[in-house]
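Q: From the sequence below, what's the structure:
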Amino acid sequence: MTFQQPSFQRAWKKLPPAAQTTVTAAVGRLETSFGRPHLHAGIGLRPFGRYFELRASLGLRVLFLVDGGDFFLITVGPHDHVRAYLKNNG
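A: Residues are numbered from 1 along each chain as shown. Here you go, the predicted structure:
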């Protein structure tokens, strides 16, 4: 199951509608792709310590945690936004 943290919801609401659609589609592929390396390449999953990053588009990343088979979406935004989040909340 996928859960959205308040920080993700706030960041998602700031995105333009087209970007919101792109992120929603990428997150929809997360549950079926996670743990299947050949499918990872299509969505650009990368580990960052206890976090993972999902590439929603060329300029958008989704930061998430996995706990007990559930996905917790932490934040979404450009590469720099995700890096800043990791630096401040790492």
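Q: for the longest helix that the chain contains, packing partners?
A: Looking across the chain with DSSP state H, the single longest helix is helix 17-33. Secondary-structure packing of helix 17-33 (3 or more C-beta pairs under 8 Å, 6 or more residues apart in numbering; DSSP states H and E): strand 2-4, helix 37-43, strand 51-55, strand 61-67, strand 70-77. The way it works is simple: take the backbone N, C-alpha and C, and place the C-beta from them, glycine included.
Q: Excluding its own residues, what touches that helix? List them.
A: For helix 17-33, contacts defined as C-beta atoms under 8 Å, 6 or more residues apart in numbering pick out 2, 12, 15, 39-40, 42-43, 45, 54-57, 60, 62, 64, 71, 73, 76.
Q: Can you report phi and psi for residue 59?
A: Backbone geometry at residue 59, expressed as degrees, to the nearest 10, gives phi -110, psi 0.
Q: follow-up on the earlier one: tell me the angle the longest helix of the chain makes with strand 61-67.
A: 30 degrees (axes from the mean of the first three to the mean of the last three C-alpha atoms, to 10 degrees).
Q: Having no further points to raise, I will conclude here.
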